[in-house]
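>>> Pasting the sequence and the predicted model now:
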Amino acid sequence: DDVQCVGRGEEEDPEMIQKALDKFEEELQKAKNPLYELAVISTPDCYLKQAEYRLRFLRVNQFDAPKAVRQMLGLLRYKAEYFGSSTLHRELLLSDLKEEDIKLLISGMFHFPSQTDRSGRYIL
């Protein structure tokens with residue numbers, strides 16, 4: 001039944017989600033990350049502040065806020081390294097990719113199926 005070994009996970013309710021988001025914010029403030037600060041200062045409604053974006057990291061880390069924050073900040077570090085700090089305040093666009101990156105995507109080497117697992121994640 002559980003083909004992808006996803007399991008049932010935690011049952012989410014609004015109170016639990018809000019507590020997790022509050023803890024995420026607390027951990028983020030403790031981290032004092034300069035890349036995060038650069039992104040949110042330049043754009044008041046930055047995607048990094050959106051609950052749905054933060055919940056991606058919380059859910060994949062079973063609502064462990066310190067791990068979720070570390071993962072998000074790691075992604076920011078890689079984003080700055082590979083795409084420049086000017087992209088930190090927004091989601092990446094196709095125009096951010098180099099020609100060879102686009103060729104790799106078009107080649108079919110990476111396939112993004114339309115189906116998802118029970119938790120709504122794409123299976124690669």
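Nice, thanks for sending it over.
>>> Can you name the residues that contact residue 34?
Counting by CB atoms under 8 Å, 6 or more residues apart in numbering, residue 34 makes contact with nothing. Quick note: C-beta positions are derived from backbone N, CA and C, even for glycine.
>>> Just read off the phi/psi values of it.
phi -70, psi -30 (degrees, to the nearest 10).
>>> ok now the worst-scoring helix or strand of the chain on mean pLDDT, how far from the chain's centre?
Every helix and strand in the chain was compared by mean pLDDT, DSSP states H and E; the lowest is helix 99-106, with a mean of 88. Centroid separation for helix 99-106 versus its chain: 22 Å, with CA atoms, centre = their mean, to the nearest Å.
>>> what do you get for stretch 84-102?
That offset, for stretch 84-102, works out to 15 Å (CA atoms, centre = their mean).
>>> buried stuff in that stretch?
Buried residues in stretch 84-102, defined by neighbour count with 16 or more other CB atoms under 10 Å: 87-89.
>>> Give me the distance between the two termini of it.
18 Å (CA to CA, to the nearest Å).
>>> swap in stretch 90-108?
Using CA to CA, the end-to-end distance of stretch 90-108 comes to 26 Å.
>>> That stretch: how far from the chain's middle?
So, by CA atoms, centre = their mean, the centroid of stretch 90-108 is 18 Å from its chain's centroid.
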